[in-house]
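**Q** dropping a prediction and its sequence here:
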Amino acid sequence: MSQTPDTIVHLLRHGEVYNPDGILYGRRDGFHLSDLGVRMAERVAESIKDRDIVHLRSSPLERAQETGRPLAQARGLEIVTDERVIESTNRFEGKRFAGGQNALRDPRSWLLLWNPLRPSWGEPYKQVVARMMAAVDDAREAARGHEAVVVSHQLPIWITRLAAERRSFLHDPRRRQCTLCSLTSFHFVGDRLTQVSYSEPAGDLIPVQDKKAPFSAGGAPEQRRP
């Protein structure tokens, strides 16, 4: 029989971003939620507002702050800005990946792809996990006995989940189980991580053609033990 967790830290990916030019925006300023992204953030807040959430922290980037705002209002919480849960650095930042253009088709880009386990094109995965888990631990401590939400970005959330579940960092980015405004939830008993669960409160708002990962947006949360 599984133990009832005494603290849960939810990693919330931000909502859809207005990005008509298909740029890999990374850590760039000025990228805000689209109208659909705002609806996604509102849907998540409505879905979890009655949970025992007592702490909320977020990446400093606009899209993350805007995603956390409806929940902050619903729960009467202050958003704690945390640089440690920011998007990963990426040497393809600013390049276009839509509208008939794809930076990966440029042979000059191939020199950056020699080591997918590090990865060679951006911030080392181990470094991402270290900073993310430090923030998760602080959120857990701040919400001990209750629940916390950390608003972050797809890659940091997914890599942290892989590490928690002792899986390889090598993966296909198109198959990350971390859709827009999804929740990757870390369940703790005391200081011990006992389970990772996943849910998509705003999954029905995502157009089918935009769902990169081959997982259902509905149904019961998928669960794994670390």
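**A** Arrived safely, thanks for sending. Numbering: from 1, shown residues only.
**Q** CA only for contacts and neighbour counts going forward, please
**A** OK.
**Q** quick one: G37 is in a helix?
**A** Yes: counting by DSSP: H, G, I helix; E, B strand; the rest coil, G37 is part of a helix.
**Q** what about it, distance to R13?
**A** 11 Å (CA to CA, to the nearest Å).
**Q** for F186, same thing?
**A** In terms of CA to CA, F186 sits 14 Å off from R13.
**Q** residues in contact with T184?
**A** Shown in contact with T184 (CA atoms under 8 Å, 6 or more residues apart in numbering): H10, L11, L12, I157, R161, C178, V196, S197, Y198, S199.
**Q** contacts for the helix of greatest length in the chain, please.
**A** Longest helix of the chain, by residue count under DSSP state H: helix 125-142. Helix 125-142 is contacted from outside by 7-9, 55-57, 82, 84-85, 88, 117-119, 147-150, 156-157, 159-160, 163, 169, using CA under 8 Å, 6+ apart.
**Q** avg pLDDT for that helix?
**A** Average pLDDT, helix 125-142: 97.
**Q** quick one: that helix to chain centroid distance?
**A** 13 Å (CA atoms, centre = their mean, to the nearest Å).
**Q** thought R63 was touching F31?
**A** Yes: R63 is within contact range of F31, at 6.5 Å (criterion: CA atoms under 8 Å).
**Q** joint contacts of those two?
**A** Joint contacts of R63 and F31 (CA under 8 Å, 6+ apart) are V17.
**Q** more neighbours: which of those two?
**A** R63 (27 against 15; other CA atoms under 10 Å).
**Q** only the buried subset of the contacts of helix 125-142, as a ChimeraX command please.
**A** The ChimeraX command for the buried members of the contacts of helix 125-142 (criterion: 16 or more other CA atoms under 10 Å) is given here:
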select :7,8,9,55,56,57,82,84,85,88,118,119,147,148,149,150,156,157,159,160,163,169
